[in-house]
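In: Here you go, sequence then predicted model.
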Amino acid sequence: MGEIVGGKRWNFGANEVIELSCSQNVRYFLNLLADNLDRNDSRPVVPLGHGDPSPFPSFRTDPAAVEAVCNALRSAQFNHYSTTSGLSLARKAVAEHLSRGLSYQISPNDVHLTAGCHHAIDVLMSTLAVPGANILLPRPSYPMYDSRAGFSQLEIRRYDLLPEKGWEVDLDAVEALADDKTAAILVINPCNPCGNVFSRQHLQKIAETASKLGILVIADEVYRNITFGETPFVSMAEFAEIVPVMMLGSISKRWFVPGWRFGWMVTLDPHNIMKDSGLVHSLANVLNMSTDPTTFIQGAIPDILEKTKEEFFSSSLETLRECSETCYEEIKKIPCITCPYKPEGSMFTMVKLELSVLEDIKDDLEFCCKLAKEESLIILPGRSVGLKNWLRITFAVEPKLLKDGLSRLNKFAQRHSKKKQQP
């Protein structure tokens, strides 16, 4: 620590842990790609790099949700500080919402409200980061887990998701990676970035493996209601009798309101393993040192969850299904990328980049930087989610804009493909 500035030593400077952790998240790569855009290109930028469709007309949130927030503000009953795990009326509403379709009822006491799922990740990584501990994260993954685990100096061990098996967890690798310092395994379902949905049978195997290893299952279910394929969504909550489960979620994706910053952590612990170990107490203490979701959003949550019309959900889900279908079919026409698995959920798909057919691009990052510059099209390089020479494509944008973006991607791929030698 310490920097020489103007000939004088100052006892502060850059934090190398922060610099390294920041280079592992989506925003870092989005900013990098934005810097490569050609400002002279008059075409609109097509943002297929992150999962926020809220700016587009096809993905406006339901008016009932907006009215709920307005009513909470006008009531003047939610201008005060929040309590540690959130207001009781909001915790009760979330517990009831998450219990629908479950084989048991979630207790409001097990619900801890957060300022979005990012905040939940931050709190959880801080809670788990005891000296020497490690965590099992998937490859590919949602990189905020990598960033926050790295910042908390929690050792990261990566297990593979297998594209040839529909992105299932490599359970043999999980057993080989774990030891007596392994605290937890992360399972994202429906999966960001792969777009797959795990079957009930596979989830049970994950739970049984985690129980055998004596580790917590972190179940990121942010996309729990965004499924449109043949595999039905099953919550990891169904397997809490087998292994302790920490469920994470938010309203950001289903309601298309990531800026409202409202999420939750739920401790699913019927055998009191998390409670008796002290983990729940530590979690509450981290929340005591942290921020809270805004109280007027908490005040609106009962009406948001209860009064949003089913027509809103069914219509938006159909639009996402159509967008995913368009994305999958158009990708087939592009010479340098392949999609090993048709997306069934979330807002993303992973595609493999075939560098051997390209003549002037050496890796996924160069591909995406040149794509941004030449076509005003933003797609995330696979390295941003832990898988080099792949790409993560978001299909949750206005359908017409999606078709335009995929057309630009095809033209770019054709332009950079190796030319066939004339006989």
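Out: All right, it came through fine. Residues are numbered from 1 along each chain as shown.
In: in the stretch 1-150 of the chain, what spans have low per-residue confidence?
Out: Scanning the stretch 1-150 of the chain for pLDDT under 70 picks out 1-3.
In: which residues in it form helices?
Out: 16-22, 26-34, 63-75, 88-99, 116-128, 144-151 (DSSP state H, counting those that start in this stretch).
In: now the ones you listed as JSON lines including distance to P302 and mean neighbour count?
Out: All C-beta atoms are positioned from the backbone trio N, CA, C, and that covers glycine. What follows is the helices of the stretch 1-150 of the chain, written out as JSON lines (distance: least, C-beta to C-beta, whole Å; neighbours: other C-beta atoms under 10 Å):
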{"stretch": "helix 16-22", "distance to P302": "36", "mean neighbour count": "13"}
{"stretch": "helix 26-34", "distance to P302": "31", "mean neighbour count": "17"}
{"stretch": "helix 63-75", "distance to P302": "8", "mean neighbour count": "16"}
{"stretch": "helix 88-99", "distance to P302": "4", "mean neighbour count": "19"}
{"stretch": "helix 116-128", "distance to P302": "19", "mean neighbour count": "23"}
{"stretch": "helix 144-151", "distance to P302": "28", "mean neighbour count": "22"}
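In: now Y28, nearest residue through space, not along the chain?
Out: Nearest non-adjacent residue to Y28, counting by C-beta to C-beta, 6 or more residues apart in numbering: C22, 5.7 Å away.
In: Number of residues surrounding E354?
Out: E354 has 15 neighbours, counted by other C-beta atoms under 10 Å.
In: try the one 10 residues further on
Out: When neighbours are counted by other C-beta under 10 Å, D364 registers 23.
In: one step back: so for K352, which of the helices of the stretch 1-150 of the chain sits nearest?
Out: helix 26-34 (18.1 Å; C-beta to C-beta).
In: ok and that closest one relative to helix 144-151, angle-wise?
Out: Going by axes from the mean of the first three to the mean of the last three C-alpha atoms, to 10 degrees, helix 26-34 is angled at 110 degrees with respect to helix 144-151.
In: can you list contacts of helix 26-34?
Out: Identification of contacts with helix 26-34 by C-beta atoms under 8 Å, 6 or more residues apart in numbering yields 22, 49-50, 143-144, 368-369, 372, 378, 380-381, 384.
In: repeat that for 7 Å
Out: 22, 49-50, 143, 368-369, 372, 378, 380-381, 384 (C-beta atoms under 7 Å, 6 or more residues apart in numbering).
In: what about D160, helix or strand, and which?
Out: Taking DSSP states H and E as the definition, one finds D160 inside strand 155-162.
In: helix or strand right after that strand?
Out: strand 168-169.
In: Out of the helices of the stretch 1-150 of the chain, flag the one nearest E311.
Out: Of all the helices of the stretch 1-150 of the chain, helix 63-75 comes closest under C-beta to C-beta, at 10.6 Å.
In: okay, the helices of the stretch 1-150 of the chain in CSV with distance to E344 next?
Out: CSV is the format used below for these (distance: least, C-beta to C-beta, whole Å):
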stretch, distance to E344
helix 16-22, 31
helix 26-34, 22
helix 63-75, 26
helix 88-99, 21
helix 116-128, 21
helix 144-151, 22
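In: Let's verify G229: helix, strand, or coil?
Out: Per DSSP: H, G, I helix; E, B strand; the rest coil, the local secondary structure of G229 is coil.
In: give me phi/psi at it?
Out: phi -110, psi -160 (degrees, to the nearest 10).
In: Pretty sure it sits against S199.
Out: No. Using C-beta atoms under 7 Å, G229 is not in contact with S199, being 11.2 Å away.
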